[in-house]
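S.K.: Show me how the following folds:
(chains A and B)
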Amino acid sequence: MTRISNEQVKHVANLARLAITEDETERFTKQLDAIITFAEQLNELDTTNVEPTYHVLDMKNVFREDIKEKGLPIEEVLKNAPEHQEGQIKVPAIIGE
Amino acid sequence: MSLFDYKVSDLHELLHKKELKVTDLVDESYKRIAQVEGKVQAFLTLDEEKARQTASSLDDKLTTESKNGLLFGMPIGIKDNIVTKGLRTTCASKILENFNPIYNATVVQKLQQHETVTIGKLNMDEFAMGSSNENSHYQKTRNPWDLDRVPGGSSGGSAASVAAGEVLFSLGSDTGGSIRQPAAFCGVVGLKPTYGRVSRFGLVAFASSLDQIGPITRTVEDNAYLLQAISGLDQMDSTSANVEVPNFVSALTGDVKGLKIAVPKEYLGEGVTDAVRQSVLDALKVLEKQGAVWEEVSLPHSKYALAAYYLLSSSEASANLARFDGVRYGYRSPNADNLLDLYKKSRAEGFGDEVKRRIMLGTFALSSGYYDAYYKKAQQVRTLIKKDFEDVFEKYDVIIGPTTPTPAFKIGENIEDPLTMYINDILTIPVNLAGVPGISVPCGFDNGLPLGLQIIGKHFDEATIYKVAHAFEQATDYHKQKPGI
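M.R.: Have a look, this model is predicted:
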């Protein structure tokens, strides 16, 4: 039985903001299906009443003093931006004209 | 003989007796790189001009100041997912091809305080996803012991550069075995510290609940010195632990009398080659002779670790890698008409196949309707795996097994099928899920290829791991053998 369909892969690619071709859809469907099938062996284990482990260390809500600190200078931050103008990062139109 | 055949402590003494200069050490690095880098291809970026400047200013300091730290002047290589201010950091991905970090990772700052010299940035699998370095966008690093074979991964460049004598030591990162597996394949010493021991600030995140930075070295002693330098609580990483950093080197007493070793039967079972199994049994004999005792135990949930790991690490990766969107830094597709298109095309053109596969797997596992069945289930299995270790550590000091089921495989051998590639990490992954520390030390050869012994310890007990690893190393000479490259 296949667990993953082409449609699901396209949906997931859209959620992940990845453009994918038809060829890639075919390939990823097969590969993800194999991986998910493999992962389903976890269902052999009864995990009723088992707490999930999100984090191995027993810590939560790590706070520090709220002290004002200088951020990085704008010129430095913009050095790696693909496009910028007047101290701001530039992107294409969000809504079509 | 190479200068890097000496231990850190010996080189330190030579420097301070004025029999050696930092410039000599840095020369040694670049000379060796000129000789072998064409074959090994461990480096993505070299920082030669700056390294030579640093070396000569350190030499000036050496004439005026008689006391310097132990790591003073030592040439180091850094995995390319650890950010270095002004020095290109790519994560071996096209998406960060021209990325020049504007700050240093905490570990890099710490190295600067210890006055090491950065030689360059080391190749890896793209975003640390892989076990062979074949997933690098730029080049395939080769195993110095056999150039047709992989160095392991994802810290393949870090392990290969140390094995080939291009640097004295290096930093890697380990999410599911990415320090220990390449260390085993390349015949060097690699440690994944306890989760929280070393700050992750400035380590480009793959799976935040599993990632740790750690040292790769030629000897256990050097490993302990390097870990000492990079450990400790950091304001910039809320998951770095507020626990004392002991003096690791003082644990290297050679005394393992009465030490209790657990050997999980699951680690010597199916898939593990006879030569690998035999090398572990031989290693246990060596430790037994020194007064340690060992017994077979069970870590019953081991076989589920791989599946749980791929669900969890991919889920975390899908969130962490959302930041690469072509907007603030990194590759931007020139073919986009609007913002959504820009995200999709920049990511599609910038990421390699394995990275896309894991982002999709993670997105799927976290998506509505599947979260409980996959993500939460994997977190629950993680609890069972962690408990396996806790149970064993109630009665034993360390757990010992092989680092990998086989020695280094051939380039191209496993690349077609993601699942076969994943099986390489079956013995290292449970350690990350449980958050405990583990080391790989050389323990033999199979047809000229190095094998690694994995020693796993309790949370924050790297000291005992080092003690056992050192006692074993002192009784054997595997770590003294060098590839004939």
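S.K.: which residues of the stretch 301-450 of chain B fall in strands?
M.R.: B:398-402, B:438-446, B:449-456 (DSSP state E, counting those that start in this stretch).
S.K.: Go through these and pick out the most buried.
M.R.: strand B:449-456 (a mean of 28; mean count of other CB atoms under 10 Å in any protein chain shown). Using the backbone N, CA and C atoms, a C-beta is placed for each residue, glycine as well.
S.K.: What is whichever helix or strand comes after that strand packed up against?
M.R.: Counting by DSSP states H and E, the element after strand B:449-456 in chain order, helix or strand, is helix B:462-474. For helix B:462-474, the elements it packs on are strand B:189-192, helix B:220-230, helix B:274-289, strand B:398-402, strand B:438-446, strand B:449-456, judged by 3 or more CB pairs under 8 Å, 6 or more residues apart in numbering or on different chains; DSSP states H and E.
S.K.: The shortest one and chain A, are they touching?
M.R.: This points to strand B:189-192. No: for strand B:189-192, no contact with chain A is found by CB under 8 Å from any CB of the partner chain; the gap never falls below 12.7 Å.
S.K.: Check which helices and strands the first helix or strand past that strand going along the chain sits against.
M.R.: Sequence order places strand B:212-217 as the next helix or strand after strand B:189-192, per DSSP H and E. Counting contacts by 3+ CB pairs under 8 Å, 6+ apart, strand B:212-217 is packed against helix B:156-163, strand B:169-174, strand B:189-192, helix B:220-230.
S.K.: circling back to that earlier point, can you lay out the strands of the stretch 301-450 of chain B as CSV showing distance to chain A and mean pLDDT?
M.R.: Formatted as CSV, these follow (distance: least, CB to the nearest CB, whole Å; pLDDT from 0 to 100):
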stretch, distance to chain A, mean pLDDT
strand B:398-402, 16, 98
strand B:438-446, 13, 98
strand B:449-456, 14, 98
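S.K.: Would you tell me which of the ones you listed gets closest to residue A:44?
M.R.: For the strands of the stretch 301-450 of chain B, the distance to residue A:44 is smallest for strand B:398-402, at 23.0 Å, taking CB to CB.
S.K.: Pick out the least confidently modelled helix or strand of chain B, by mean pLDDT.
M.R.: Least confident helix or strand, chain B: helix B:418-422 with a mean of 75, by mean pLDDT, DSSP states H and E.
S.K.: what comes into contact with stretch B:286-298?
M.R.: B:254-266, B:284, B:392, B:396, B:399-400, B:468, B:471-472, B:475-476 (CB atoms under 8 Å, 6 or more residues apart in numbering or on different chains).
S.K.: Any buried residues in stretch A:74-81, and which?
M.R.: A:77-78, A:80-81 (16 or more other CB atoms under 10 Å in any protein chain shown).
S.K.: How about stretch B:474-485?
M.R.: So for stretch B:474-485, counting by 16+ other CB under 10 Å, buried means B:474, B:476, B:478-479, B:482-483, B:485.
S.K.: Let me know the closest of these to residue B:349.
M.R.: Closest to residue B:349, out of all of these and judged by CB to CB, is residue B:485, at 35.9 Å.
S.K.: near chain A, which residues of the stretch 101-250 of chain B show up?
M.R.: B:102-103, B:195-196, B:209, B:235, B:238-239, B:241.
S.K.: Show me which of those are buried.
M.R.: Using 16+ other CB under 10 Å, the buried members of those are B:102-103, B:195-196, B:209, B:239, B:241.
S.K.: And the residue nearest the centre of chain B?
M.R.: Nearest residue to the geometric centre of chain B (CA atoms, centre = their mean): residue B:179, 2.2 Å.
S.K.: With chain A instead?
M.R.: Note: chain A centre (CA atoms, centre = their mean) maps to residue A:16, 6.2 Å.
S.K.: Is any residue of the longest helix anywhere in chain A near chain B?
M.R.: For chain A, the longest helix by residue count, based on DSSP state H, is helix A:22-39. Yes: counting by CB under 8 Å from any CB, contacts between helix A:22-39 and chain B involve A:24, A:28, A:31-32, A:34-36, A:38-39.
S.K.: any idea what residue 60 is structurally, helix, strand or coil?
M.R.: In the absence of a named chain, chain A is used. coil (DSSP: H, G, I helix; E, B strand; the rest coil).
S.K.: try chain B instead
M.R.: Note that with three-state DSSP, the state of residue B:60 is helix.
S.K.: how many other residues sit next to residue B:164?
M.R.: Using other CB atoms under 10 Å in any protein chain shown, residue B:164 has 28 neighbouring residues.
S.K.: Quick check: chain neighbours aside, which residue is closest to it?
M.R.: residue B:144 (4.2 Å; CB to CB, 6 or more residues apart in numbering or on different chains).
S.K.: my guess is the one you found meets residue B:450, correct?
M.R.: No: using CB atoms under 8 Å, residue B:144 is not in contact with residue B:450, being 9.8 Å away.
S.K.: Show residues contacting the top helix by length along chain B.
M.R.: In chain B, assigned by DSSP H, the helix with the most residues is helix B:22-40. When contacts are defined by CB under 8 Å, 6+ apart, helix B:22-40 is touched by residues B:2-4, B:11, B:15, B:43, B:46, B:48, B:51-52, B:54-56, B:58-59, B:62, B:72-75, B:117, B:119, B:141-142, B:144, B:147, B:160-161, B:164-168, B:485.
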